[in-house]
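My questions concern the predicted model and sequence given below.
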Amino acid sequence: MITVVDCFQATKCLLMVLRRRLLLNGVVNTMQDKLKDAEMFFEAAVTFEPQSILAWTMFGSLFCMMPLLVKLLVVSK
């Protein structure tokens with residue numbers, strides 16, 4: 001028989017995995033220059049866990065990188 005504590009622990013583990021996947025998807029999309037997709041994943045991460053310093057830092061760094069990436073794309077054409 002599954003107890004409430006077991007269900008809580010399983011849910012807690014799943015939520016931690018979800019947060020990591022959102023951040024990792026954001027990083028991968030940033031590396032592939034899919035900035036709109038990266039923004040969506042980072043925004044989902046900070047919405048899902050607003051007190052996460054890591055999620056906010058990664059989300060903010062995306063916006064710091066955007067002007068630089070746009071300049072690099074324009075210069076390389």
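Noted; the coordinates are in hand.

mind checking which helix or strand the residue positioned nearest the centre of the chain is in?
Central residue of the chain (Cα atoms, centre = their mean): Leu23, 2.7 Å from the mean position. Here Leu23 is covered by helix 4-31, with elements defined by DSSP states H and E.

by contact count, what packs against that helix?
helix 35-48, helix 53-76 (3 or more Cβ pairs under 8 Å, 6 or more residues apart in numbering; DSSP states H and E). (C-beta placed from N, C-alpha, C; glycine too.)

want to throw those helices into CSV with mean neighbour count, distance to Cys13 and mean pLDDT?
Output for the helices and strands packed on helix 4-31, formatted as CSV (neighbours: other Cβ atoms under 10 Å; distance: least, Cβ to Cβ, whole Å; pLDDT from 0 to 100):
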stretch, mean neighbour count, distance to Cys13, mean pLDDT
helix 35-48, 17, 15, 90
helix 53-76, 12, 18, 74
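
With that, I have no additional questions.
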